[in-house]
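Visitor: I need the structure of the sequence given here:
(chains A and B)
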Protein chains: 2
Amino acid sequence: MTRWPIPDPMARALALARAAADRGEVPVGAVVARAGEVIGEGRNAPRGTHDPTAHAEIAAIRAAAAAIGDERLKGCDLYVTLEPCAMCAGAIVHARIARLYYAAPDPKGGAVEHGARVFDHPQCLHRPEVYTGIGEAEAAGLLREFFRARR
Amino acid sequence: MTRWPIPDPMARALALARAAADRGEVPVGAVVARAGEVIGEGRNAPRGTHDPTAHAEIAAIRAAAAAIGDERLKGCDLYVTLEPCAMCAGAIVHARIARLYYAAPDPKGGAVEHGARVFDHPQCLHRPEVYTGIGEAEAAGLLREFFRARR
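Guide: As a prediction, this is how the structure comes out:
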């Protein structure tokens, strides 16, 4: 018996998370795909760039919107290795991401199924479909390893 | 009897909101100040820049963090003409903004005293002091005028 393979965009997000860790950043990676094609990607980089907004999702969304020349990423999918925080969940709303796939839940910093639950308020003007769990073991393992090495 | 004057950073944020409207963007402006000195500013620009994250607060925070070479804006104040959304409230947390001053409340899109109430969850790892109302009439007037002209 073998495990279901990780879809390509999430495998790429995991590779980006590893690249973040190699640079001393909390390992989170993200990819925006349209009809299966990657149109933007990013990794966590707030320390190296001195930019508190430089989360993987923000970088991937900005890159994708620049690539297609539209502030709205209608019909696009976002793959990210960790449950988005309030900032990134808000950006997902603004970008009109159609489907959000995240690997590991984040009870401390997440704002989708925890904390602010950004998509769950009546005021929220766009709600993506949300899918979780694929790649969770790999994503959570990267984070555990990163924080263990710094303790 | 005359009204209390609007503090300089909020007056600057209102000027930035007017500049946004002149470019066809929803009029919101923001300024980051440290010890009274402006170290970053921004205006709403998602349409013109094809960047769904290009809110005034995000631009001001990124500019300020780049200016001081630190992802944390400890001890800094953020002045913004409208109640921050979930994305911007999340960025305020990540940047460790000490004091948030906003002019007009935003019952539809705001996430400080409305909706997701980002600072009010036990998981929220930093809560700025929040002050509201100064400049409210001017900020709300700019928004009303902007949307009336486009109807």
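Visitor: ranges for the helices of chain A?
Guide: Secondary structure of chain A, counting by DSSP state H: helices at A:8-22, A:46-49, A:56-68, A:86-95, A:136-150.
Visitor: how about these, which one is nearest B:Pro122?
Guide: For the helices of chain A, the distance to B:Pro122 is smallest for helix A:86-95, at 13.5 Å, taking Cβ to Cβ. Every C-beta, even on glycine, is put in place using the N, C-alpha and C of the backbone.
Visitor: check whether that closest one contacts chain B.
Guide: Yes - using Cβ under 8 Å from any Cβ of the partner chain, helix A:86-95 reaches chain B at A:Ala86, A:Met87, A:Cys88, A:Ala89, A:Gly90, A:Ala91, A:Val93, A:His94, A:Ala95.
Visitor: in CSV: the residues you listed, plus neighbour count and pLDDT.
Guide: Formatted as CSV, these follow (neighbours: other Cβ atoms under 10 Å in any protein chain shown; pLDDT from 0 to 100):
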residue, neighbour count, pLDDT
A:Ala86, 32, 98
A:Met87, 30, 98
A:Cys88, 34, 98
A:Ala89, 30, 98
A:Gly90, 34, 98
A:Ala91, 32, 98
A:Val93, 21, 98
A:His94, 24, 98
A:Ala95, 31, 98
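Visitor: quick check, nearest of these to B:Ala21?
Guide: Once Cβ to Cβ is applied, the member of the residues of helix A:86-95 next to chain B that ends up nearest B:Ala21 is A:His94, at 18.9 Å.
Visitor: surely the closest one and B:Asp51 touch.
Guide: No - A:His94 is beyond contact range of B:Asp51, at 9.5 Å (criterion: Cβ atoms under 8 Å).
Visitor: identify the contacts common to the two.
Guide: Common contacts of A:His94 and B:Asp51 (Cβ atoms under 8 Å, 6 or more residues apart in numbering or on different chains): A:Glu71.
Visitor: tell me the pLDDT at A:Met1?
Guide: Note on A:Met1: pLDDT of 61.
Visitor: any idea how far the residue nearest to A:Leu16 when sequence neighbours are not counted lies from A:Pro128?
Guide: Excluding its sequence neighbours, the residue lying closest to A:Leu16 (Cβ to Cβ, 6 or more residues apart in numbering or on different chains) is A:Gly29, at 2.7 Å. Separation of A:Gly29 from A:Pro128 (Cβ to Cβ, to the nearest Å): 18 Å.
Visitor: please apply the same query to A:Val118.
Guide: Taking Cβ to Cβ, one finds A:Val118 at 11 Å from A:Pro128.
Visitor: what does A:Ala64 give?
Guide: As judged by Cβ to Cβ, A:Ala64 and A:Pro128 stand 14 Å apart.
Visitor: neighbour count: the two, which is higher?
Guide: Legend: neighbour count by other Cβ atoms under 10 Å in any protein chain shown for A:Ala64 and A:Pro128, higher for A:Ala64 (27 against 20).
Visitor: and the spatially most central residue of chain A, what does it touch?
Guide: Centroid-nearest residue in chain A, with Cα atoms, centre = their mean: A:Val80, separated by 2.7 Å. By Cβ under 8 Å, 6+ apart, the residues touching A:Val80 are A:13, A:28-31, A:56-57, A:60, A:88, A:100-103.
Visitor: who does it bridge with?
Guide: A:Ala30, A:Tyr102 (DSSP bridges).
Visitor: on that earlier part again, what is the neighbour count of the residue nearest to A:Leu16?
Guide: A:Gly29, neighbours per other Cβ under 10 Å, totals 31.
Visitor: got a pLDDT number for it?
Guide: A:Gly29 is assigned a predicted lDDT (pLDDT) of 98.
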